[in-house]
Structure formats: structure tokens, C-alpha cells
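# predicted model and sequence below, questions to follow.
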Amino acid sequence: MSRYISNNIIPAIKTSGLTKTFGDTIAVDGLNLEIRKGELFGLVGPDGAGKTTAIRMLSAIMEPTKGEAWVAGHSVISEGETVKEKIGYMSQRFGLYEDLTVIENILFYADLYDVPKKERPLRIESLLGFSNLTPFQDRLAGRLSGGMKQKLGLACTLIHTPEVLFLDEPTNGVDPVSRRDFWKILYDLLKEGVTIFASTSYLDEAERCTRVCLMNKGSILMDDNPAAIKRSLGLPMFEMWSDEARKAAEIIKTVKGVHSASLYGNKLHVAVNSRELMDDIIIELGRSGITIRGHREILPSIEDIFISRVERQ
């Protein structure tokens with residue numbers, strides 16, 4: 001039986017030991033996930049982490065080397081064509097036709113997905129509306145801004161009303177305002193019950209997801225909600241300001257009891273075994289002629305946790 005059923009509930013996405021190798025390189029190493037319907041799931045990691053390979057396998061575009069996966073209750077291996085009918089997939093370079101207008105691109109994808117003609121007007125009106133593309137429907141796609149192209153790509157991906165939406169770094173290279181608008185659209189889709197699986201290398205975007213999976217070198221480092229991930233360090237963390245932050249970081253790392261020290265411009269995020277250790281750190285920096293302009297205790301960010309996990313790995 002190809003449909004995966006657990007406790008009479010079919011998850012939107014389920015993987016079991018999903019693995020992909022290219023020669024001696026392990027791109028994805030034994031991925032085990034279960035994603036509920038209606039989740040906004042973020043796969044977070046740097047370039048080369050295995051995010052795109054994982055999405056291509058889940059979209060039934062690429063066959064796994066080992067393991068299995070089910071999307072919308074169907075096997076990506078034995079029911080790949082059915083999976084493709086149930087999903088929307090927006091790659092990093094979505095195939096828009098720049099010599100076609102906005103509306104012509106959407107109609108083209110409606111033809112590809114065999115959307116019934118009687119259903120198209122209402123769907124197109126809705127898609128243009130929530131993506132704020134209605135005033136630009138007669139503009140050539142090649143003349144759109146980067147953010148507007150991403151919105152058009154999403155509209156084309158949604159024309160057949162998929163159950164599960166796969167987005168591979170959808171805001172990569174997009175300006176901050178367009179990124180914010182794009183995520184607002186995703187939240188609106190969640191309200192309609194669409195399951196969203198989005199990969200990103202922007203760690204701040206991970207905080208927008210209902211659940212986050214941190215990935216590096218093909219392996220899962222953590223899988224939890226953003227709040228739980230930020231609490232997982234279990235150590236006090238301080239933010240420090242210095243005009244010589246890079247030199248300060250090198251010295252701080254030599255102090256016994258310091259767990260990690262990461263640079264953020266002229267700021268440092270320092271995880272320590274105890275709060276009392278901060279006095280020793282400031283004294284040690286003073287001996288080296290480095291002035292700390294201020295410090296405060298903070299809650300670790302997902303980026304802090306990711307860096308810490310990668311260093312351990």
C-alpha cells in the first residue's frame with residue numbers, strides 16, 4: 001500500500017531515511033520528517049546544506065538513493081505523477097516567460113495544469129488580488145521588479161490550488177520590503193489550509209515559520225518550533241559592543257567558560273557557562289586595551305543556535 005497512514009492521520013509530508021548521494025558526496029543524509037497539514041515549515045541552512053536536493057526529491061523530480069517519502073499521502077517514488085498534481089513547486093529560478101505579460105504567464109500555467117476554463121476567471125482574480133499584481137496584469141514579466149517576479153511566480157504555482165507548496169529560497173536576492181510582502185502572502189495561504197515547505201538561507205526568516213529544521217551538510221541539526229530552538233542553548237548569552245569586535249572575539253574565545261563568541265558587525269554574541277564570567281571577560285579585554293562600550297543579556301537568535309550547532313558538528 002503506497003499511502004502512508006499513521007494513527008489514521010495522513011501527514012502532509014512524511015520522510016523515512018530519505019537519502020541522496022552523488023558519487024561519494026552525500027547531499028541529503030537519512031532525512032526523517034513528519035509535517036502536519038497547514039504547517040509553515042522552514043528548512044534552513046547555508047548553500048550546499050542539501051535544501052534544494054531535499055525539495056526536488058519531495059517534489060518527485062529527483063529519485064532518492066535510499067529511503068522513501070510521501071507527500072499528500074502519496075509515495076514520491078511509486079506515485080510521482082500523482083504527487084506532482086497535488087503540489088506546487090517554485091524553484092529558485094522559476095520559469096517565467098519574460099516576453100509574456102503577467103496575465104499571459106498565469107494563463108500559460110493554467111493550461112499546463114489543465115485548470116478547467118470555467119474556474120479560471122475567479123482563481124486568476126483572486127491570485128492577482130492577493131499578490132497585488134492586478135494593476136500590472138498587462139505588463140511584460142521581463143519589466144517587473146525582482147519582488148514582483150517572485151509574486152508572479154507564486155501566482156503561477158498556485159493556479160491549480162495545490163495542497164502542498166514547495167518554495168526553494170523564494171526570497172533570495174529580493175529587497176527587504178518585497179520579502180516582507182511575500183511572507184504576508186504565505187500567511188494568507190496558511191489561513192486557507194495550504195501546507196508550505198520553504199527553504200531559506202536567511203535565518204531571520206526562520207522565525208516566521210511555525211516549525212524550523214536546521215540543516216547542514218545534508219544532516220538535520222534541530223527540528224522544532226522557533227521559540228524552542230532559541231531556548232535550546234541552555235546557557236546565558238550576552239550582546240557586547242566594541243569598536244574592535246573582531247579582535248575582542250579572538251580574545252574572548254580563549255577565556256575558560258566561554259561557549260561561543262560570534263561577530264555581528266561591531267557587536268558580539270557571547271554564550272557563557274555563568275553570568276559572573278562576564279566580569280572576567282571585560283577585565284581580560286581591558287588588559288589587551290580593548291574597550292567594551294556596553295553589554296546586555298539577550299535571548300539567543302536562531303542564527304546563534306545554528307552557529308553553535310555547526311561548530312559542534
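Perfect, I can see it now.
# quick one, strands of the stretch 51-200 of the chain?
In the stretch 51-200 of the chain, the segments counted as strands under DSSP state E, counting those that start in this stretch are 66-71, 74-75, 87-90, 164-168, 195-200.
# now render the ones you listed as TSV, adding distance to Ile283, mean neighbour count and mean pLDDT.
Any C-beta I mention is one placed from the backbone N, CA and C, and that applies to glycine too. Putting the strands of the stretch 51-200 of the chain into TSV (distance: least, C-beta to C-beta, whole Å; neighbours: other C-beta atoms under 10 Å; pLDDT from 0 to 100) gives the following:
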stretch	distance to Ile283	mean neighbour count	mean pLDDT
strand 66-71	53	21	98
strand 74-75	61	21	98
strand 87-90	53	23	95
strand 164-168	48	24	96
strand 195-200	40	25	96
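# redo those strands as TSV? Include distance to Arg139.
Output for the strands of the stretch 51-200 of the chain, formatted as TSV (distance: least, C-beta to C-beta, whole Å):
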stretch	distance to Arg139
strand 66-71	34
strand 74-75	38
strand 87-90	20
strand 164-168	23
strand 195-200	26
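# which one of those strands lies nearest to Ile106?
Proximity to Ile106 (C-beta to C-beta) singles out strand 87-90 among those, at 13.1 Å.
# adjacent strands (with direction) for that closest one?
strand 164-168 (parallel) (DSSP bridges).
# can you give me the angle the strand it pairs with makes with strand 66-71?
Interaxial angle, strand 164-168 versus strand 66-71 (axes from the mean of the first three to the mean of the last three C-alpha atoms, to 10 degrees): 120 degrees.
# in this structure Met237 contacts Pro300, no?
Yes. Judged on C-beta atoms under 8 Å, Met237 makes contact with Pro300 at a distance of 4.8 Å.
# find residues that contact each of the two.
269, 271 (C-beta atoms under 8 Å, 6 or more residues apart in numbering).
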